[in-house]
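**Q** Kindly generate the corresponding structure for this input.
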Amino acid sequence: MSFINRSIAGLAGALALTGVHEILKKCTKGAPNLDQVGEEAVRTSLEKVDAPVTDEEQVYAAAMGGNILSNALLFSTLATSTNTSQIISKTLGTGLLGAAGTIGLADQLLGNNKATDTDQKKWMTTGYYLLGAVVSIGVYNLLERRSKK
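**A** Numbers count the residues shown, from 1 in each chain. Now for the predicted structure:
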């Protein structure tokens, strides 16, 4: 049951991160546009196999799917403990690692990085990943308690 609980928890964290990102991107001036990172990764991958990019909506959809899947995998690795001290360290560590990876990837993939090019965008990205980590561990602990009843 624990593998299923970790997977569900990881997906919940990834969806929380993505949902908040999408809402704030539309409602907040100066919010990061993390979609650019995934879209550039999709375009670069397609170019390497000589596949033309014909539909930007498909690129966006592929990037969103990849973002949710990779973040779900990241957050599912976090969901392994119900011990309070481990929860705090894993939540902070996973959230900060995810944010650092995204910010670093944005710098690598986007030559003229507009996704995370300001301190505000970097802090917001970090907040998104910390939120995803908190949601993941919360869902995991809830599922674990319910499965022990």
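
**Q** any idea how far stretch 51-63 is from the chain center?
**A** How far stretch 51-63 lies from its chain's middle: 20 Å, per CA atoms, centre = their mean, to the nearest Å.

**Q** Only the buried residues of that stretch, if you could.
**A** Applying a neighbour-count criterion of 16 or more other CB atoms under 10 Å, one finds 59, 62, 63 buried in stretch 51-63. (Glycine included, C-beta is placed from N, CA and C.)

**Q** Pipe the residues you listed into JSON lines and attach secondary structure, pLDDT and distance to residue 70 per row.
**A** Converted to JSON lines, the buried residues of stretch 51-63 look like this (DSSP: H, G, I helix; E, B strand; the rest coil; pLDDT from 0 to 100; distance: CB to CB, whole Å):
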{"residue": "59", "secondary structure": "helix", "pLDDT": "88", "distance to residue 70": "16"}
{"residue": "62", "secondary structure": "helix", "pLDDT": "89", "distance to residue 70": "12"}
{"residue": "63", "secondary structure": "helix", "pLDDT": "88", "distance to residue 70": "11"}
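
**Q** As a markdown table, these with distance to residue 88 would be great.
**A** Formatted as a markdown table, these follow (distance: CB to CB, whole Å):
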| residue | distance to residue 88 |
| --- | --- |
| 59 | 38 |
| 62 | 35 |
| 63 | 32 |
